[in-house]
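**Student:** got a predicted model here, sequence first, then my questions.
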Amino acid sequence: MAQTYTSGGADPLQAGQSRLIRLAHDIAACHHERWDGGGSAARMVAVADVLDALTHARPDKAAWTVEEAVTEIQRNAGLQFDPETVAAFDTLVLTGELRSILARYA
């Protein structure tokens, strides 16, 4: 399913000529990369994707708090996520920048 899902988002962008469209293609194609070798590429987007998924309600689950989601992401550093990416994410948490980003875009 993830392969179809990611290629379905990436395929329409594949012929893009601008840098932004090529970047969007790469992100769409690769945002399920996992640090343990599973999935596809784009480590920062993988963390953001999980943060978004955890903090929003779905038909089968309630939304987690940001704090719960951050703890889950930190717990999976070196497993599901690149530890250096999680360290950069932690900097956003500690400086309050994550809250600012979430307020702006969530």
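**Tutor:** Ah, there it is.
**Student:** how about the helices in the chain?
**Tutor:** Secondary structure of the chain (DSSP state H): helices at 2-10, 19-30, 43-55, 66-75, 83-95, 97-105.
**Student:** got any ranges where this protein has weak pLDDT?
**Tutor:** Low-confidence segments of the chain, defined by pLDDT under 70: 1-26, 30-35, 37-41, 106.
**Student:** pick the most deeply packed of the helices of the chain.
**Tutor:** helix 43-55 (a mean of 18; mean count of other C-beta atoms under 10 Å). Placement of C-beta: from N, CA and C, glycine included.
**Student:** only alpha carbons, please: show it as PDB.
**Tutor:** Taking C-alpha atoms only, helix 43-55 is exported to PDB below (Å, rounded to 0.1, in the frame of the first residue of the first chain):
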ATOM      1  CA  ARG A  43      14.000  11.500   6.700                       C
ATOM      2  CA  MET A  44      12.800  14.900   7.800                       C
ATOM      3  CA  VAL A  45       9.400  14.500   6.100                       C
ATOM      4  CA  ALA A  46       9.100  11.100   7.700                       C
ATOM      5  CA  VAL A  47       9.200  12.700  11.200                       C
ATOM      6  CA  ALA A  48       6.800  15.500  10.100                       C
ATOM      7  CA  ASP A  49       4.400  12.900   8.600                       C
ATOM      8  CA  VAL A  50       4.300  10.900  11.800                       C
ATOM      9  CA  LEU A  51       3.900  14.000  13.900                       C
ATOM     10  CA  ASP A  52       1.000  15.100  11.800                       C
ATOM     11  CA  ALA A  53      -0.600  11.600  11.800                       C
ATOM     12  CA  LEU A  54      -0.300  11.300  15.600                       C
ATOM     13  CA  THR A  55      -1.600  14.700  16.400                       C
END
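**Student:** mind giving me the packing neighbours of it?
**Tutor:** helix 66-75, helix 83-95 (3 or more C-beta pairs under 8 Å, 6 or more residues apart in numbering; DSSP states H and E).
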